[in-house]
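*Asks:* Got a predicted structure here, sequence first:
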2 protein chains.
Amino acid sequence: MPNPGQIGPREREILTAIVETYISSGEPVGSRTLSRLNKDGLSPATIRNVMADLVDAGFLEQPHTSAGRIPTAQAYRYYVDQISGKAILSASDQNLISENLAGTVDLQQFLERTSHVLSLVSSGVGVAIARTGPQNALEHVYFSRQAPNKVLAVVVTKSGVVHDRIMRLENDLSQTDLDTAANYINANFRGWTVDNVKSELGRRIEHERTEYDRLMQSLRELYKSGALTTNAPRNVFVEGVANLVAKEEDRERLRELLKTLEEKERVAELLSAYLDTRQESVRVVIGLEEAVPEMRNFVLIGAPARVGDEMQGSLAVIGPTRMDYQHTITAVSYIAQLFDKLLNENV
Amino acid sequence: MPNPGQIGPREREILTAIVETYISSGEPVGSRTLSRLNKDGLSPATIRNVMADLVDAGFLEQPHTSAGRIPTAQAYRYYVDQISGKAILSASDQNLISENLAGTVDLQQFLERTSHVLSLVSSGVGVAIARTGPQNALEHVYFSRQAPNKVLAVVVTKSGVVHDRIMRLENDLSQTDLDTAANYINANFRGWTVDNVKSELGRRIEHERTEYDRLMQSLRELYKSGALTTNAPRNVFVEGVANLVAKEEDRERLRELLKTLEEKERVAELLSAYLDTRQESVRVVIGLEEAVPEMRNFVLIGAPARVGDEMQGSLAVIGPTRMDYQHTITAVSYIAQLFDKLLNENV
DNA sequence: CGTTAGCACTCGCCCCCTCCAAGTGCTATC
DNA sequence: GATAGCACTTGGAGGGGGCGAGTGCTAACG
């Protein structure tokens, strides 16, 4: 076994055939099967020799002595690198996608439909995320007095996302006071990131010691109640978990997996751990079990969506290692472009 | 077999014991097991006689001749009617619930956490729904010009729910025009239901033929673009599907079930089909397979939340027939009260 | 007359065994 | 280097046999 990474053209061809056969059949691939399938008419014996080499090189493994071979993570990695960038979107996928995304009116709806479509075109779950944190630029705030001591705060960001929040104040404020405060914030801070607005506002409140200034008092009251604390983003959409039932044999692991996928924050972390803006477009992560043990035998195919240089969203398919990579990669790539476009339109 | 619905106290006791044993063990209950368990010390033979009667009356059935008996839907129905209203919430549940719901700031968050808690206290999935349709009373609208021909509309209803929507106009409007329009709507229609506002606005636009009236023109523009079309409610929360993996043996049916639960509209329909405001509080629906075939062996335990006489929300547990009814019913009932309170506070 | 003990009978399940198909590694041959 | 042949390995399918749990029926008992 010389250089384990280097393999010749014949080895490559056979490896590719093994991976593809295993993906479609799900059963260990034997030399006879492969010989029958391969048009070059190599005999089983020859193939066996090659297979033995590939086992040595770490691309294949045997469940047990007398069974066929199955691809290792390394083989999938190699396979994906081979095929990447080769496919074009099929017409039926194209239709499916445009049908599902037609008439999308807001970001959340886009995310929901996107995750749904992703689960449809792949055999895994679709994930779509938008970052709507306090790094977004402020467009407008608005306060409405609902009842004594109770105020509804609406924060609109440049990207068109709306955060609403009902707050309880320690001291009541009139609607006029609220309007004055909102006007002040809008006039002074439009275009700042929400985070910056918060800290600067905190600083000003601290500095201005004029206790009897009505405006400052209102602002202090609102600040204390967390008027600008944009609420936890509900912008993680996960769809298609039903697909996993057929893909994960082990009952207990299936349960764990579903549980994990229900924890939206964990899913969001997973994506942001593996996707970043420097990558060209779609990234295929094989060996997910390092981050999430119950995701053994699953891969992530994802792409970021950016505004300028910042990642403002991401989408992905989490599916079985045995999946149609070409198909899925192409679809993810295409939808990622749509996502990019949508986000950049809204700025 | 005289009156199949009527059974004596001994039969009742034995039936209850069978149901409870089956719920906890999951295996057909035999006469010997029951005799050992029953403190009254009835012999297996006696119990067998009673069991035979219960089979005739439709409460029990045998998987096969030499197996024990399992309860029918009728038996569960009877059992639930027997125990209803008997339990009080355990301290640990009480803690679990208040911990999870503490610090809830808005309706969506409440729904999300509620569905989560419901899935935790039961062995099924938790569902929480709020109706945020156009029947809600208008509190305030606000329009913000984002770009030429592009306007963000925010509609706040009395119940504290915010609808946001990005619209494209045919003809551009200035922010001043938008403010004037918003002021007009707020001044004239606060407190109306969104539906009524829409139709009345349509009427006024139609009537006022003063083409050169700037305000009317703005309103017409906004109306055409659907400014008051509150977007599809994203207020159906379903959590805890991982619980089902252990409860549904049949692989294919599990897949169907998960798929159904992902279709939020279907879940919403299911709840509204079985829950209505006239019922006292919690309702237990046995025999769900009539509405949803893949829900064979599942029950729904749900309750409506109302504002005045109208149902504005609902919550439920969808779990296996073999569940701790008393426990779950109590929890659902308790959380439903909290939900009711929350909704009525916000009016 | 309701309750109980005894008994023969029925089944599903588990375990074990065998057989078989698929595949392998090795060696000799082309 | 490629191929054919061959002995060997191994998991899985298929086929009883034994076992335990449970039943229905009948006869006896308080």
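*Replies:* In hand now; what should we look at?

*Asks:* need the contact list for A:Tyr22.
*Replies:* By C-beta atoms under 8 Å, 6 or more residues apart in numbering or on different chains, A:Tyr22 lies in contact with A:28-29, A:70-71, A:322. C-beta: built from backbone N, CA, C; applies to glycine.

*Asks:* In terms of helices and strands, where is A:Tyr184?
*Replies:* helix A:175-189 (DSSP states H and E).

*Asks:* What lies in contact with that helix?
*Replies:* Contacts of helix A:175-189 (C-beta under 8 Å, 6+ apart): A:138, A:140-145, A:151, A:173, A:196-197, A:200-201, A:214-215, A:218-219, A:222.

*Asks:* Just give me how far it sits from the chain centre.
*Replies:* 37 Å (C-alpha atoms, centre = their mean, to the nearest Å).

*Asks:* before we move on, back to that, are any of the contacts of helix A:175-189 buried, and which?
*Replies:* For those, a burial check counting by 16 or more other C-beta atoms under 10 Å in any protein chain shown picks out A:138, A:140-145, A:151, A:173, A:197, A:201, A:218-219, A:222.

*Asks:* hmm, which helix or strand of chain A has the shakiest average pLDDT?
*Replies:* strand A:162-168 (a mean of 77; mean pLDDT, DSSP states H and E).

*Asks:* and that one, is it in reach of chain B?
*Replies:* Yes: using C-beta under 8 Å from any C-beta of the partner chain, strand A:162-168 reaches chain B at A:162, A:164-167.

*Asks:* Of these, which is the most crowded?
*Replies:* Neighbour counts for the residues of strand A:162-168 next to chain B, by other C-beta atoms under 10 Å in any protein chain shown, peak at A:Val162, which reaches 26 neighbours.

*Asks:* Report the separation between that residue and A:Thr114.
*Replies:* Per C-beta to C-beta, to the nearest Å, A:Val162 is found 19 Å from A:Thr114.

*Asks:* How about A:Asn171?
*Replies:* Distance from A:Asn171 to A:Thr114, by C-beta to C-beta: 44 Å.

*Asks:* before we move on, what about A:Asp106?
*Replies:* Counting by C-beta to C-beta - A:Asp106 and A:Thr114 are separated by 12 Å.

*Asks:* Between those two, which is the more surrounded one?
*Replies:* A:Thr114 (28 against 21).

*Asks:* Surely the more buried one and A:Leu315 touch.
*Replies:* Yes: the criterion here is C-beta atoms under 8 Å, and A:Thr114 meets it with A:Leu315 at 5.9 Å.

*Asks:* Look at A:Gln151 and tell me its secondary structure.
*Replies:* Slight slip there: residue A:151 is Val, not Gln. Under the three-state scheme (DSSP: H, G, I helix; E, B strand; the rest coil), A:Val151 adopts strand.

*Asks:* Return the residues in contact with it.
*Replies:* Contact analysis of A:Val151 by C-beta under 8 Å, 6+ apart lists A:143-145, A:166-167, A:169, A:173, A:178, A:222, A:225, A:227.

*Asks:* And stretch A:13-29, how far out from the chain middle?
*Replies:* 28 Å.

*Asks:* what's the answer for stretch A:169-186, then?
*Replies:* Counting by C-alpha atoms, centre = their mean, stretch A:169-186 comes out at 38 Å from the chain centroid.

*Asks:* Could you tell me which residues within that stretch count as buried?
*Replies:* For stretch A:169-186, by 16+ other C-beta under 10 Å, it's A:169, A:173, A:177-182, A:184-185.

*Asks:* do the same with stretch A:147-157
*Replies:* For stretch A:147-157, by 16+ other C-beta under 10 Å, it's A:150-157.

*Asks:* Equivalent analysis for stretch A:199-214, please.
*Replies:* A:201, A:205.

*Asks:* repeat for stretch A:127-137
*Replies:* Buried residues in stretch A:127-137 (16+ other C-beta under 10 Å): A:127-134, A:136-137.

*Asks:* and which of those residues is nearest to DNA strand C?
*Replies:* Ranked by distance to DNA strand C (C-beta to the nearest atom of the strand), those are led by A:Val127 at 35.8 Å.

*Asks:* where does the residue nearest to that closest one when sequence neighbours are not counted sit relative to A:Arg283, distance-wise?
*Replies:* Nearest residue to A:Val127, sequence neighbours excluded (C-beta to C-beta, 6 or more residues apart in numbering or on different chains): A:Ala316, at 4.7 Å. With the distance defined as C-beta to C-beta, A:Ala316 ends up 9 Å from A:Arg283.

*Asks:* okay, and the common contacts of these two?
*Replies:* A:275, A:300-303.

*Asks:* Lowest pLDDT pick from these?
*Replies:* Lowest pLDDT within those is found at A:Leu275 (92).

*Asks:* Does that residue touch A:Arg283 like I think?
*Replies:* Yes: using C-beta under 8 Å, A:Leu275 makes contact with A:Arg283 at a distance of 6.1 Å.

*Asks:* anything in contact with each of the two?
*Replies:* A:302-303.

*Asks:* quick one, which of the two is more surrounded?
*Replies:* Neighbour count, other C-beta under 10 Å: between A:Leu275 and A:Arg283, A:Leu275 has more, with 23 against 18.

*Asks:* ok, now which ones touch that one?
*Replies:* A:283, A:302-304, A:311, A:314, A:316.

*Asks:* mind running it again at 10 Å?
*Replies:* A:129, A:282-283, A:285, A:300, A:302-305, A:311, A:313-316 (C-beta atoms under 10 Å, 6 or more residues apart in numbering or on different chains).

*Asks:* And A:Ser225, by the same measure?
*Replies:* Neighbours of A:Ser225 in contact, by C-beta under 10 Å, 6+ apart: A:149, A:151, A:153, A:165, A:167-171, A:173.

*Asks:* now the helices for the stretch 101-250 of chain A?
*Replies:* A:107-121, A:175-189, A:194-207, A:214-224, A:242-247 (DSSP state H, counting those that start in this stretch).

*Asks:* between the lengthiest helix in chain A and strand B:162-168, how many degrees?
*Replies:* The helix that spans the most residues within chain A, counting by DSSP state H, is helix A:325-345. If you take axes from the mean of the first three to the mean of the last three C-alpha atoms, to 10 degrees, helix A:325-345 sits at 90 degrees to strand B:162-168.

*Asks:* from the middle of its chain, how far away would helix A:325-345 be?
*Replies:* The answer for helix A:325-345 is 12 Å, by C-alpha atoms, centre = their mean.

*Asks:* and the helix or strand where A:Arg32 lies, is it in reach of DNA strand C?
*Replies:* Assignment of secondary structure by DSSP H and E places A:Arg32 within helix A:31-37. Yes: Helix A:31-37 reaches DNA strand C (C-beta under 7 Å from any atom of the strand) through A:31-33.

*Asks:* Which of those lies at the shortest distance from DNA strand C?
*Replies:* For the residues of helix A:31-37 next to DNA strand C, the nearest to DNA strand C is A:Ser31 (3.4 Å; C-beta to the nearest atom of the strand).

*Asks:* Would you tell me which residues of the stretch 1-150 of chain A are close to DNA strand C?
*Replies:* Counting by C-beta under 7 Å from any atom of the strand, the stretch 1-150 of chain A sits next to DNA strand C at A:28-33, A:44-45, A:48, A:51-52, A:55, A:62, A:65-69.

*Asks:* Restricted to buried residues, select the residues you listed in ChimeraX.
*Replies:* Listed next is the ChimeraX selection for buried residues among these, using 16+ other C-beta under 10 Å:
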select /A:28,29,30,31,33,48,51,68,69
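
*Asks:* Sitting in helices, which of the residues of the stretch 1-150 of chain A next to DNA strand C do you find?
*Replies:* By the criterion of DSSP H, membership of these in helices covers A:31-33, A:44-45, A:48, A:51-52, A:55.

*Asks:* how far off helix A:194-207 does the helix holding A:Tyr184 point, in degrees?
*Replies:* Using the same axes, to 10 degrees: helix A:175-189 against helix A:194-207 is 110 degrees.
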